[in-house]
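1. below: sequence and its predicted model.
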Amino acid sequence: GENVEQHPSTLSVQEGDSAVIKCTYSDSASNYFPWYKQELGKRPQLIIDIRSNVGEKKDQRIAVTLNKTAKHFSLHITETQPEDSAVYFCAAIRETSGSRLTFGEGTQLTVNP
Amino acid sequence: SAVISQKPSRDICQRGTSLTIQCQVDSQVTMMFWYRQQPGQSLTLIATANQGSEATYESGFVIDKFPISRPNLTFSTLTVSNMSPEDSSIYLCSAATGVYGYTFGSGTRLTVV
């Protein structure tokens, strides 16, 4: 089955700096890669996703890049703000019937004012 | 995307008892998923529930302990049976709500005493 590794487990940045979180996956057939943000006591919320037919996707301060050859994808947050502080999870899935997401272990991002 | 209502939001239960968690989706979905999340950790999939068929359980989870119902395309329940303190955790339901989209319920914080 799929295995997703996520690094770093914790990340502390100063407000305004950039933050990068990296994930690697094992199943070369995986073709959808979402990123979730989970604030303390809240449900995971999808913040951005990318499919295997593109290499990069941007949404305002957030971007995701995908390298299919190396089987890794990254989340980039620019101009970080204190409200970006949360746990971020990457995930991967292969589109087949009965498929389900495999999550990384999560990254605790702290943005210091 | 769809909205998932999950209840109860939290409960404190005596060991040996059972708790049933409910999830209601505001649209029809084929696949629903049940996760467990320990504080500070990633999401662990318990089982996948498709309407009209038995749930598929992940390694380490069994039907006798975590029976699941999926009576229609908008509703599912997870029962945590014969609870022990080790079952204390956050339980989350999720649904595949569109092309690759996965939405989460708000979670149930369970404490077993």
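-> Arrived safely.

2. CA atoms for contacts and neighbours, from now on please.
-> Noted.

3. sec struct for A:E83, please.
-> helix (DSSP: H, G, I helix; E, B strand; the rest coil).

4. got phi/psi on the closest residue in space to it that isn't next to it in sequence?
-> Spatial nearest neighbour of A:E83, chain neighbours left out: A:V111 (7.7 Å); criterion: C-alpha to C-alpha, 6 or more residues apart in numbering or on different chains. Dihedral angles of A:V111 (phi, psi; degrees, to the nearest 10) stand at phi -110, psi 110.

5. list the contacts for A:V111?
-> Listed by C-alpha atoms under 8 Å, 6 or more residues apart in numbering or on different chains, the contact set of A:V111 reads A:12-15, A:80-85.

6. and for B:I90?
-> Contacts of B:I90 (C-alpha under 8 Å, 6+ apart): B:36-39, B:107-110.

7. 7 Å instead, please
-> B:I90 makes contact with B:36-38, B:107-110, according to C-alpha atoms under 7 Å, 6 or more residues apart in numbering or on different chains.

8. nearest residue to it in space, please, no chain neighbours.
-> With C-alpha to C-alpha, 6+ apart, the residue lying closest to B:I90 is B:R109, at 4.4 Å.

9. can you check B:S42 too?
-> Closest to B:S42 by C-alpha to C-alpha, 6+ apart is A:E105, at 5.0 Å.

10. measure how buried the one you found is and give me the count.
-> As a burial measure, A:E105 scores 23 neighbours (other C-alpha atoms under 10 Å in any protein chain shown).

11. which SS state does it fall under?
-> Going by three-state DSSP: A:E105 is coil.

12. how about it, phi and psi?
-> Dihedral pair for A:E105: phi -80, psi -10, per degrees, to the nearest 10.

13. next up, the contacts around B:F104.
-> Contacts of B:F104 (C-alpha under 7 Å, 6+ apart): A:43-44, B:4, B:92-95.
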